[in-house]
Structure formats: structure tokens, C-alpha cells
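# Return a 3D structure for these sequence lines:
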Amino acid sequence: MKLTENFSLHEFRCRDGSDVPEEYMDNVRELAENLQVLRSHIQKPITVISGYRSPEYNKKIDGARRSQHMVAKAGDLIVKDMSPDELKDEIVHLI
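As a prediction, this is how the structure comes out:
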């Protein structure tokens, strides 16, 4: 399912194969919309390396107990040719 012009729901699935639960669909849509704004601003593709995490998977990888990934409100991102600090600076600029 396409969420925005450049982001699809499958990009936010948990790495353990779990789908984003229906109760968090509004969260993942908002996250994708915000990432679309970022992508349009930087004009570069964004790779979501971690989106939604099931509580079991989050525990397995020793994620934060209250990680926003578990409610589909967070994403770990990679943008080719941008450092994490450069990406952070662009996000802060947009905020």
C-alpha cells in the first residue's frame, strides 16, 4: 500500500516480518508524510532501515523500553551521500 508519493507501507514493516498493527496505521501515515516532506526538501531517496518494531523484536534487539518504533512513530533512516549529522541538520531546519 502506497502511503505517499515515495513511501510504501512495506518499508515500515518490522524486520521480524510483522505488519504494522491497524491501531498504529495513523501513526505510520503521519511518519511517512513527514518523511515525504524531508525527501522533497533534500531531493534524495530515503531508505527506512527500521520502522515499526513489534515489542518482541524491540526487546530482542535491546531497543528502548518505550521506543517510538513500537507505535510506528519512529524511523531509522539512511540517505546516500549524507552523514547522519547532515540529515539531522536538515530535519531540524524543517522543524
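# count of residues packed around residue 56?
Using other CB atoms under 10 Å, residue 56 has 11 neighbouring residues. Where you see a C-beta, it was placed from the backbone N, CA and C, and this is true even at glycine.
# can you check residue 62 too?
Quick note: residue 62 (other CB under 10 Å) scores 7 neighbours.
# list the contacts for the residue nearest the centre of the chain?
By CA atoms, centre = their mean, the chain has its centre lying nearest to residue 75, at 2.6 Å. Contact analysis of residue 75 by CB atoms under 8 Å, 6 or more residues apart in numbering lists 12, 31, 35, 48, 50-51, 69.
# just residue 95 next, same as before
Applying CB under 8 Å, 6+ apart to residue 95 gives no contacts.
# let's see 10 Å
Shown in contact with residue 95 (CB atoms under 10 Å, 6 or more residues apart in numbering): residue 34.
# repeat for residue 66
residue 58.
# For it, pull up the helix or strand it's in.
Residue 66 belongs to no helix or strand when assigned by DSSP states H and E.
# Check it and give its pLDDT.
Listed pLDDT for residue 66 reads 96.
# again, but for residue 41
So residue 41 comes in at 96 (pLDDT).
# That one and residue 87 touch, don't they?
No: Residue 41 sits out of contact with residue 87 when judged by CB atoms under 10 Å, with a separation of 11.0 Å.
# neighbour-wise, which of the two wins?
Relative neighbour count places residue 87 above the other of residue 41 and residue 87, with 17 against 12, counting by other CB under 10 Å.
# That one should be in a helix, yeah?
Yes: judged by DSSP: H, G, I helix; E, B strand; the rest coil, residue 87 forms part of a helix.
# Just list the residues touching it, thanks.
Taking CB under 10 Å, 6+ apart, we find residue 87 in contact with 38, 42, 44, 46, 77-79.
# Go again with 8 Å.
Neighbours of residue 87 in contact, by CB under 8 Å, 6+ apart: 42, 77, 79.
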